[in-house]
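Enquirer: generate coordinates for the sequence data below:
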Amino acid sequence: MTLPWTPHGDGRTVEPDAIVLPEERLSWPRTIGFGMQHVVAMFGATFLVPLITGFSPTATLFFSGLGTLLFLLITGNRLPSYLGSSFAFIAPIMAALAGGDDLGRASFGILAIGVLMTIVGIVVHRFGSGWINALMPPVVMGAIVALIGFNLAPTVKNNWDATELSGWVALITISAVLLITVLFRGLIGRLSIVLGMVVGYIAAAFMGEIDFTAVNDAAWIGLPTFHAVGNPFSDPTLWALLPAFLPVVLVLVAENVGHVKSVGLMIDRDIDNLTGRALLADGVSTMLAGFGGGSGTTTYGENIGVMAATRVYSTAAYWVAGGMALLLSFSPKVGALIFTVPAGVLAGVTVALYGLIGLIGVKIWMDNKIDFSKPINQFAAAVPLIVGIADFTLQVGTVVFNGIALGTIAAVAVYHVMRGLQKLRGGEPQVADPVVTAKTDAS
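Expert: Okay, the predicted model is just below:
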């Protein structure tokens, strides 16, 4: 059987002005090494979701590795990507678990998003992505992505105050993340999150904040810890969870579209025609994770960073990374070790990470040069941000809309209603720009 990669040069080096393309590879020992780098890059962030939500780390790792391999297959081995845990799922998962610890309820929401993402991928592959931009222009998309990150701020505060020493552990962790980011270049700097967690973890161990009993008792080899998805036909209340999960689709779409465009720019190719396949692949991966108790997946910026730093875009490295993730998922001891990470370390990492999720929305505004002197753009961003950050709730019958769902509805409704009324009126409303204040007499 002929493998789909051709050797790059002598297989040992990458020339200063060259890159290793997706269909190329270096020697297998080097390719395995690059695959291991991708595993390390995704490790810290991927496991934050099960740590925060209570999902199984081994199941999350299993579906992360499986999803990566499926992504490579569905995109025809032309789009390098690792599928890790999506942080966009954290807020709706926490809302789903608010009434108890039934993880199957949250898994139903993840499964539903996977199905919807699969449909979106098929539609985009057939008709293109123009309809997404029409429904959710950049000002709306940016507001929705931003509020999902900022909505999680109370979770950080709870972890910060979990124990008497949690705040100090958190402070050490976030300080380590910031210092590593500034002081180191290349791969080390890009792994500041996972390395900062290691520093915080060591500090927490010295402070007596970690109990290793479960690690000592866990077996080295065993099946991942799966759990069943909730059945909405036997428990109709599951349908009421969907409004909180639906906005996640918008984030996954934005992340996948951004991934395709980023890779295309880095390898100097127009690969926009793979967008539908990427969305479909992420949908299938998330759907499988929902069935088996894993976290929902998405493309990972950490791994884009590794590619940019190494100039190696070979999909062979991602096959190695996906395979290694699958192997690691069959170690209960790995899962037990991950669950020993204390609340203070989580607080230290997420105080920055959730803010960075919010800033992705801001970046969408900046990249698209949104003009916030226009009233429609002002209100389409301002209203949903407050609704999402304050976590407003509204109950309609048995369905409870949380801040993310209401903020998403507000962003879409405010923009399109104001646009419609503007067209009927025949001009744009004139109001003072709140960002620019009138000049005052300094004397």
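Enquirer: which residues touch the one helix or strand Ile404 maps to?
Expert: If you go by DSSP states H and E, Ile404 is part of helix 403-425. If you take CB atoms under 8 Å, 6 or more residues apart in numbering as the criterion, helix 403-425 is touched by 91-92, 135-137, 139-140, 143-144, 147-148, 151, 243-244, 246-247, 250, 375-376, 379-381, 383-385, 387-394, 401, 428-429. No exception for glycine: its C-beta is placed from N, CA and C like everyone else's.
Enquirer: separation between Met266 and Pro80?
Expert: 10 Å (CB to CB, to the nearest Å).
Enquirer: which of the two has more neighbours?
Expert: Pro80 (30 against 15; other CB atoms under 10 Å).
Enquirer: how far out from the middle of the chain is stretch 356-363?
Expert: A distance of 12 Å separates the centroid of the chain from that of stretch 356-363, by CA atoms, centre = their mean, to the nearest Å.
Enquirer: I meant stretch 84-98, not that one.
Expert: Per CA atoms, centre = their mean, the centroid offset for stretch 84-98 relative to its chain is 10 Å.
Enquirer: which residues in the chain form strands?
Expert: For the chain, the strands defined by DSSP state E occupy 6-7, 24-25, 83-85, 297-299, 394-396, 399-401.
Enquirer: closest to Val182 out of those strands?
Expert: Using CB to CB as the measure, strand 83-85 is the one of the strands of the chain that comes nearest Val182, at 24.5 Å.
Enquirer: so what strands line up beside that closest one?
Expert: strand 297-299 (antiparallel) (DSSP bridges).
Enquirer: buried set for the strand it pairs with?
Expert: 297-299 (16 or more other CB atoms under 10 Å).
Enquirer: just put the residues you listed in CSV and tack on pLDDT.
Expert: Shown next, in CSV, are those (pLDDT from 0 to 100):
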residue, pLDDT
Thr297, 90
Thr298, 86
Thr299, 85
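Enquirer: who touches both of Met266 and Pro80?
Expert: Both Met266 and Pro80 are contacted by 307, 313, under the criterion CB under 8 Å, 6+ apart.
Enquirer: not counting its neighbours along the chain, what's nearest Ile304?
Expert: Ser262 (5.7 Å; CB to CB, 6 or more residues apart in numbering).
Enquirer: how about Leu73?
Expert: Ala281 (7.9 Å).
Enquirer: that neighbour: how many residues sit nearby?
Expert: 28.
Enquirer: roughly how far does it sit from Val124?
Expert: Relative to Val124, Ala281 is positioned 12 Å away (CB to CB).
Enquirer: report the central residue of this structure.
Expert: Closest to where the C-alpha atoms of the chain average out (CA atoms, centre = their mean) is Ser86, at 3.1 Å.
Enquirer: I'd say that one and Val248 touch.
Expert: Yes: Ser86 sits in contact with Val248 when judged by CB atoms under 8 Å, with a separation of 7.2 Å.
Enquirer: identify the residues contacting the residue nearest to Leu73.
Expert: 67, 70-71, 73-75, 83, 121.
Enquirer: which of the residues you listed fall within helices?
Expert: Members of those lying in helices (criterion: DSSP state H): 67, 70-71, 73-74, 121.
Enquirer: closest to His227 out of those residues?
Expert: Nearest to His227 among the ones in helices among the contacts of Ala281: Gly67, at 17.5 Å, using CB to CB.
Enquirer: okay, and the common contacts of Ser86 and Val248?
Expert: Residues within reach of Ser86 and of Val248 at once, by CB under 8 Å, 6+ apart, are Gly296.
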